[in-house]
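Student: Dropping the sequence and predicted coords here.
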2 protein chains.
Amino acid sequence: KDITLINVFEVPQGQYEAAVDMWVQSRDFLQTQPGYISTALHKSIGSDAKFQLINIAKWESAEAFQAASKAMRETSGIKPVKGLKFTPGLYQVILTD
Amino acid sequence: KDITLINVFEVPQGQYEAAVDMWVQSRDFLQTQPGYISTALHKSIGSDAKFQLINIAKWESAEAFQAASKAMRETSGIKPVKGLKFTPGLYQVILTD
């Protein structure tokens, strides 16, 4: 069963471009990893949203995602963005309509 | 262009069923409203996730969603869940893979 990675970002003033740039670098790395399915970066319509950016990605399993993010931390050399707070979590759909 | 409603829930101890039940009542109301497309309630795999529930819904426009949630507040009589914190936001996809 697919796993959904949802990562909500609190982007400090003036760090929006840097946050998007870091996301692009992460995507370029993660999409080469086993078990990757898809990803979509969402931007809030209102500028006053608490979470200005939210990433929603699909992976074949929790293990596949965890291995890929471990590899990214250890090898990709992607620089963190000052003050950027993010809260990633792995989810499964339980109810629809 | 479709609008994505992302609503992240911080669910207090012992209020999980009540939160899901409130979500079901809200879905039953909102899916009857103009501009509604789809919705999916996501549950975190880990029990220690900050946001145990995240709803991701699609609407035809921001206005359609705002009108529907206004109607829900004013007419549905759905009872709030004690201590449940939620942060809804309207989003558009800006980058994929």
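Tutor: Cool, got the structure.
Student: Run through who's touching the strand or helix carrying residue A:92.
Tutor: Using DSSP states H and E, residue A:92 maps to strand A:85-95. Contacts to strand A:85-95, defined as Cβ atoms under 8 Å, 6 or more residues apart in numbering or on different chains, come from residues A:1-10, A:62, A:65, B:20, B:23-24, B:27, B:40-46, B:49-51, B:54. C-betas here are computed from N, CA, C, even on glycine.
Student: could you flag which of these are buried?
Tutor: A:3-10, A:62, A:65, B:20, B:23, B:27, B:40-44, B:49, B:51, B:54 (16 or more other Cβ atoms under 10 Å in any protein chain shown).
Student: distance between stretch A:26-35 and the chain's centre?
Tutor: In terms of Cα atoms, centre = their mean, to the nearest Å, the centre of stretch A:26-35 is set 11 Å apart from its chain centre.
Student: now swap in stretch A:48-59 and tell me
Tutor: Remark: stretch A:48-59 is offset 7 Å from the chain centroid, using Cα atoms, centre = their mean.
Student: and the residue nearest to residue A:76 when sequence neighbours are not counted, what helix or strand is that in?
Tutor: Spatial nearest neighbour of residue A:76, excluding adjacent residues (Cβ to Cβ, 6 or more residues apart in numbering or on different chains): residue A:29 at 4.7 Å. Using DSSP H and E, residue A:29 sits within helix A:16-30.
Student: Report the distance from that helix to the chain centre.
Tutor: 9 Å.
Student: Just the CA atoms of that helix, as CSV, please.
Tutor: The C-alpha coordinates for helix A:16-30 follow below in CSV (Å, rounded to 0.1, in the frame of the first residue of the first chain):
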residue,chain,number,x,y,z
TYR,A,16,10.9,31.5,0.5
GLU,A,17,13.2,31.2,-2.5
ALA,A,18,15.9,29.5,-0.5
ALA,A,19,13.2,27.0,0.8
VAL,A,20,12.0,26.2,-2.7
ASP,A,21,15.5,25.8,-3.9
MET,A,22,16.3,23.4,-1.1
TRP,A,23,13.1,21.5,-2.0
VAL,A,24,14.2,21.2,-5.6
GLN,A,25,17.6,19.8,-4.6
SER,A,26,16.0,17.3,-2.3
ARG,A,27,13.5,16.2,-5.0
ASP,A,28,16.3,15.8,-7.5
PHE,A,29,18.0,13.4,-5.1
LEU,A,30,15.0,11.6,-3.7
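Student: Go ahead and name everything in contact with it.
Tutor: Contacts for helix A:16-30 (Cβ under 8 Å, 6+ apart): A:9, A:11, A:36, A:39, A:41, A:52-53, A:55, A:57, A:68-69, A:71-72, A:76, A:78-82, A:84, B:94-95, B:97.
Student: Swap in 7 Å and give it another go.
Tutor: The contact list for helix A:16-30, computed with Cβ atoms under 7 Å, 6 or more residues apart in numbering or on different chains, reads A:9, A:11, A:36, A:39, A:41, A:52-53, A:55, A:68, A:72, A:76, A:78, A:81, A:84, B:95, B:97.
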